[in-house]
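Enquirer: Here is the input, now give the coordinates:
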Amino acid sequence: MSSRPRSNRRAPRRRRLPMRYLLPSLLLVALLAMLMLRGYVHSEILADHRIQPPAATDHVPEKILEGGPVIDTRGGRETGMSVPEHRLVLTFDDGPDPQWTPKVLDVLKEHHAHGVFFVTGTMASRYPDLVKRMVDEGHEVGLHTFNHPDLSYQSKSRIDWELTQNQTALAGAAGIRTSLFRPPYSSFADAMDNKSWPVTKYIGSRGYITVVNNTDSEDWKRPGVDEIIRRATPKGGKGAIVLMHDSGGDRSQTVAALDRFLPQLQGQGYDFVNLTEALGAPSAHTPVHGLELAKGKAWIYAVDASDDVTDVLGVGLAVIGVLVFTRFGLMLLLSGAHARRVRRRGFSWGPPVTEPVSVLVPAFNEAKCIENTVRSLMSSEHPIEIIVIDDGSTDGTARIVENLRLPNVRVVRQHNAGKPAALNRGLANARFDLIVMMDGDTVFEPSTVRELVQPFGDQRVGAVAGNAKVGNKDSLIGAWQHIEYVMGFNLDRRMYDMLRCMPTIPGAVGAFRRSALERIGGMSDDTLAEDTDVTMALHRDGWRVVYAEKARAWTEAPESVQQLWSQRYRWSYGTMQAIWKHRRSVIEPGPSGRFGRIGLPFVALFMVLAPLLAPLIDVFLLYGLVFGPTEKTIVAWLGVLAVQAVCAAYAFRLDRERMTHLISLPLQQVLYRQLMYVVLLQSWITALTGGRLRWQKLRRTGGVGMPGAAPRNRQNVADRKAVA
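Expert: This next block holds a predicted model:
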């Protein structure tokens, strides 16, 4: 008996979208949905403000033109009805309004009068409590469409949508639906024309009674209280439907006129009643239940949530505005003070530092870069030893360095254990008390080490941050990072130096006292930002951390979006880890407390919170461009860009960089900054969901050499690797 061989092929595993990608996507979709809903409810989306000019009336039946203001076209009827004598139906359009509708209701209640409120769906959705109060106090409610368009311009599907959405808002607000309808921009029955009559007939086919008016107070013109009363008063005791407004502007004259009009006409024997009561008809209201009621409640909840979200975004925008301009102001003020201090004639940190320095170069698969790095160090104007710590490279990095056979260059090999472990291994093998650390893809200028260690002439200084620059800035993404390094990083370092709360010694160029590192336990692998972690630890131990602007290092920045994403994701997440690790410094005494109460809030506000909220500027830019006011939005955004350009130009001037690179600044703000937003948001979500990030190795090209010199031939490096 034979058996079929079992297949070794496994079914392909379905890839699951990581939570750090899923949550930002869901958050973005939800935010866009809330903004779109808010724009719709505030008549910023789908609003149509066209008004049809008068047309011929030859297709409108005479009995409609000469009939009453209540037009019934249900079931094929064409009837115009009037209100009986000594009965007035007060109607109020365009509400409810949170300021004026309560005052109108108060006056009606005081004088025991009722009326009909023709509400728009947008206002009813935003102020449902006022609609409920109308119904609870015995008033009738009618539809006035959702967005207040002239229906003679609209298709039947749009008309149905306007009615349905308006009814949904009523259901959610007061648990009712209504059979009363008033078209926007309507007036008297004799104003019905060939454009509006087909709409009226269609409205009737949907089960609605159309209500216009035969007495217009014209209160929207604000002609004065006496004039409003005069125009609202019918002649000879006739009944009437009176048009007023409880929304759409200043209605103080309307409220004042009502307070006199009601008792005056009540004294003449008039009753102020609902429309159906005046006509002796059943109530226009029908209670809703079940799914219709649930849909209405859900709609009101969604609208309320969209307004809350927009309010929160508005507060966030105000916060980011304060943070951005505070940061810009501090950077301009303090970086200028820093430059004047360190550049003044005769300035020194103390006695010149001439003692030898140990330079640690942690390297993992840096075959394309390591020769440029080591050879740049060999040109140093300061006595150094070079220790390359090969952290388990598989590309022959260590062999390349050994084959150079350069004096004072040692290679220390270890199994792959990460950058902090490599630096600690190098520290253990270093012979000197001053330690310089750099990345394996970085090159130093001849003066870099000398300039970097001079601040150690001040015995209070425990670490020095150098001036890291982008070496491969010829590409667009490189130019954007160049702007970021010069403006965002180096201006920040000058500012933080003056505030004595420098948050990060850059891994590309930094120097430390061995004794300072030993007191804090060396480099830690508790976070993915070991440079930020160790810098904060030094502050807490009482050491000064300063910035040496002339200690320039040229590093290879990521050349692809994916590589940049990986790097900044790690930086952002590592910074959050470091802030959390050192959080207790906020309540501790001494130097730790000073850093915790000054430095840590600055880092959290300017490096975490501000970048996280910064997208709101662009969100409101897009919202303003699409929904208005477009001109003011563009001017505001250009104003922010101008402030950034001033800061960038100042930073470039301080660093003696060519201004031509700032040409790409506007594009950087539109494209590059968005990527940084998403990276930071992902970092937040990773932190909140308890995710873990691994070290990520960036792909190097070896294209960064000494400034003004051509990079070494990459093919020669590859050949040497092959020989090794």
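Enquirer: Give me the residue at the spatial middle of the protein.
Expert: When Cα atoms, centre = their mean is applied to the chain, the residue found nearest the centroid is L616 (2.6 Å).
Enquirer: Chain neighbours aside, what residue packs nearest to that one?
Expert: Distance criterion Cβ to Cβ, 6 or more residues apart in numbering; nearest residue to L616, sequence neighbours excluded, is L317 at 4.6 Å. All C-beta spots, glycine's among them, are computed from the backbone N, C-alpha and C.
Enquirer: Now the one you found: phi and psi?
Expert: The phi/psi pair for L317 (degrees, to the nearest 10) reads phi -60, psi -40.
Enquirer: per-residue confidence for it?
Expert: Listed pLDDT for L317 reads 78.
Enquirer: Quick check, it in contact with A614.
Expert: No - assessed by Cβ atoms under 8 Å, L317 is found out of contact with A614, at 9.9 Å.
Enquirer: Neighbour count: these two, which is higher?
Expert: Taking other Cβ atoms under 10 Å, L317 and A614 do not tie; A614 has more neighbours (20 against 16).
Enquirer: wait, what's in contact with that one?
Expert: By Cβ atoms under 8 Å, 6 or more residues apart in numbering, the residues touching A614 are 320, 324, 673, 677.
Enquirer: same check, this time on L613
Expert: So L613 contacts 316-317, 319-320, 323 (Cβ under 8 Å, 6+ apart).
Enquirer: Any of the residues you listed buried? List them.
Expert: With burial judged by 16 or more other Cβ atoms under 10 Å, the buried subset of the contacts of L613 is 316-317, 320, 323.
Enquirer: now, which of those residues sits nearest E631?
Expert: Of all the buried ones among the contacts of L613, L317 has the smallest distance to E631: 18.5 Å, by Cβ to Cβ.
Enquirer: In the stretch 201-350 of the chain, what residue spans correspond to strands?
Expert: 209-211, 215-216, 240-245, 271-272, 285-287 (DSSP state E, counting those that start in this stretch).
Enquirer: right, and those strands - which one's nearest N372?
Expert: Nearest to N372, of the strands of the stretch 201-350 of the chain and by Cβ to Cβ, is strand 240-245 at 76.3 Å.
Enquirer: Sheet partners, orientation included, of the closest one?
Expert: If you go by DSSP bridges, strand 240-245 pairs up with strand 87-93 (parallel), strand 215-216 (parallel).
Enquirer: returning to what we had before: including distance to S664, could the contacts of L613 go into CSV?
Expert: What follows is the contacts of L613, written out as CSV (distance: Cβ to Cβ, whole Å):
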residue, distance to S664
G316, 28
L317, 26
V319, 28
I320, 23
L323, 25
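Enquirer: sorry, back to before: which one, of the strands of the stretch 201-350 of the chain, ends up nearest to G488?
Expert: strand 240-245 (52.9 Å).
Enquirer: Just the mean pLDDT for that closest one, thanks.
Expert: Mean predicted lDDT for strand 240-245 stands at 96.
Enquirer: got the contact list for it?
Expert: Residues contacting strand 240-245 (Cβ under 8 Å, 6+ apart): 69-70, 83, 88-95, 187, 211-217, 219-220, 232, 234, 251, 254, 258, 275.
Enquirer: what about the protein, any weak spots by pLDDT?
Expert: Residues of the chain that meet the criterion pLDDT under 70 lie in 1-24, 628, 684, 686-724.
Enquirer: can you point me to the longest strand in it?
Expert: Scanning the chain for the strand with the most residues, using DSSP state E, yields strand 544-555.
Enquirer: packing partners for that strand?
Expert: On a contact count with 3 or more Cβ pairs under 8 Å, 6 or more residues apart in numbering; DSSP states H and E, strand 544-555 meets helix 290-343, strand 442-444, helix 448-453, strand 461-470, helix 491-499, helix 530-540.
Enquirer: As TSV, these with distance to V635 would be great.
Expert: Shown next, in TSV, are the helices and strands packed on strand 544-555 (distance: least, Cβ to Cβ, whole Å):
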stretch	distance to V635
helix 290-343	15
strand 442-444	42
helix 448-453	44
strand 461-470	32
helix 491-499	26
helix 530-540	38
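Enquirer: For G507, find the nearest of these.
Expert: helix 530-540 (4.7 Å).
Enquirer: can you give me the angle the closest one makes with helix 491-499?
Expert: 10 degrees (axes from the mean of the first three to the mean of the last three Cα atoms, to 10 degrees).
Enquirer: Convert the C-alpha atoms of helix 530-540 to CSV, please.
Expert: Taking C-alpha atoms only, helix 530-540 is exported to CSV below (Å, rounded to 0.1, in the frame of the first residue of the first chain):
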residue,chain,number,x,y,z
GLU,A,530,22.5,55.9,24.6
ASP,A,531,23.9,59.4,23.7
THR,A,532,20.9,61.1,25.2
ASP,A,533,20.8,58.7,28.2
VAL,A,534,24.5,59.3,29.1
THR,A,535,24.1,63.1,28.7
MET,A,536,21.2,63.2,31.1
ALA,A,537,23.0,61.0,33.6
LEU,A,538,26.0,63.4,33.5
HIS,A,539,23.7,66.4,34.2
ARG,A,540,22.2,64.6,37.1
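Enquirer: Please work out which residues outside that helix touch it.
Expert: 419-420, 423, 462-463, 501-507, 510, 512, 516-517, 520-521, 523-524, 526-527, 545, 574-575, 577-578, 581-582, 585, 588, 591-592, 595-596, 599-600.
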